[in-house]
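> give me a model of this one.
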Amino acid sequence: MDRAFLERILQEVAGGEKSPAEAAEVLKDLPYRDMGFANVDKHRALRCGAAEVVFGQGKTPEQAALIMEELAATNANVLCTRASAEMYEAVKRRLKEARYEQTARLILLRRDFALRAGAGVAVVSAGAADMPVAEEAAFTAEFYGSAALRVYDVGVAGLHRLLDRVPQIRAASAIVVVAGMEGALASVVGGLVDKPVIAVPTSVGYGASLGGLAALFAMLNSCSLGVSVMNIDNGFGAGYLAALIDSLSAAPAERA
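Numbering: from 1, shown residues only. Coordinates of the predicted model:
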């Protein structure tokens, strides 16, 4: 349940449009709803500022659709990550406004959406093979209100590609760096900027990359200051954190 929904219910009670009993009926599923196969957290938007996100992996299309529908009843915006095209078809039958970003594997329902004014975030990726994780980060940041600058395929094998874009990258509030293989790009970017760098190792690479562990260890051992590290392939977590940093850098009136 987001704040706007709760405030509307309270205003209806204050204005006599709803009785306290009617309001209690609407709010009875707080703080969570037991759906049998999932306990949907209905209170998270009030508690944490953002509604529960559906992790599609491991769920059936119908389960993902039912959870999104439940969340959409009291939240204007709902997100499902690691979603398949089959999940999207199931969601679309229930929520016509939902759309699917195939590369990022995200289902997005955005009914009250605007990008905040401000610096936004930059999403920088090493190679084209890292794009699914980079797009997950970029679309997530946008979902939470931050403009996302995409700077892709600028890995250290051709450093001039990155250097050409440094002024734009420096202008962002936070920078997500997505890289597989040896994961060196995060350290390079961290040494060029004065903003928080959120490094995301990907599972892209040949055998010795160990499914992203090589990049993860390299990023954890970065000598650049201001570099934090997400889990392997966790573009969603990086995009959310970048958007949160961006929101904190906005004017107080915009954060209210």
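> give me the mean pLDDT for the one helix or strand Val123 maps to.
In this assignment (DSSP states H and E), Val123 forms part of strand 121-125. Average pLDDT, strand 121-125: 98.
> what helices and strands are in contact with it?
Here strand 121-125 touches helix 131-143, strand 148-151, helix 166-170, strand 174-179, helix 185-190, helix 235-249, going by 3 or more Cβ pairs under 8 Å, 6 or more residues apart in numbering; DSSP states H and E. Every residue, glycine included, has its C-beta placed from N, CA and C.
> as CSV, those with mean neighbour count would be great.
Converted to CSV, these look like this (neighbours: other Cβ atoms under 10 Å):
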stretch, mean neighbour count
helix 131-143, 26
strand 148-151, 20
helix 166-170, 14
strand 174-179, 31
helix 185-190, 25
helix 235-249, 23
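> neighbouring strands for the strand holding Val123, and are they parallel or not?
Strand 121-125 has the following strand partners under DSSP bridges: strand 148-151 (parallel), strand 174-179 (parallel).
> what's the next secondary structure element after the shortest one?
This means strand 148-151. Sequence-wise, the next helix or strand downstream of strand 148-151 (DSSP H and E) is helix 159-163.
> in this structure Tyr144 contacts Ala250, no?
No. Using Cβ atoms under 8 Å, Tyr144 is not in contact with Ala250, being 12.0 Å away.
> more crowded one of the two?
Between Tyr144 and Ala250, counted using other Cβ atoms under 10 Å, the more crowded position is Tyr144 (23 against 17).
> please tell me how far Val123 sits from Ala242.
Here Val123 is placed at a distance of 8 Å from Ala242 (Cβ to Cβ, to the nearest Å).
> residues in contact with both of the two, list them for me.
Residues touching both Val123 and Ala242 (Cβ atoms under 8 Å, 6 or more residues apart in numbering) are 137, 141, 175-176.
> just to revisit the earlier point, reformat the strands paired with strand 121-125 as a markdown table; add mean pLDDT and distance to Ala238.
Below are the strands paired with strand 121-125 laid out as a markdown table (pLDDT from 0 to 100; distance: least, Cβ to Cβ, whole Å):
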| stretch | mean pLDDT | distance to Ala238 |
| --- | --- | --- |
| strand 148-151 | 97 | 11 |
| strand 174-179 | 98 | 5 |
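> a markdown table for these, including distance to Ile67?
What follows is the strands paired with strand 121-125, written out as a markdown table (distance: least, Cβ to Cβ, whole Å):
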| stretch | distance to Ile67 |
| --- | --- |
| strand 148-151 | 26 |
| strand 174-179 | 27 |
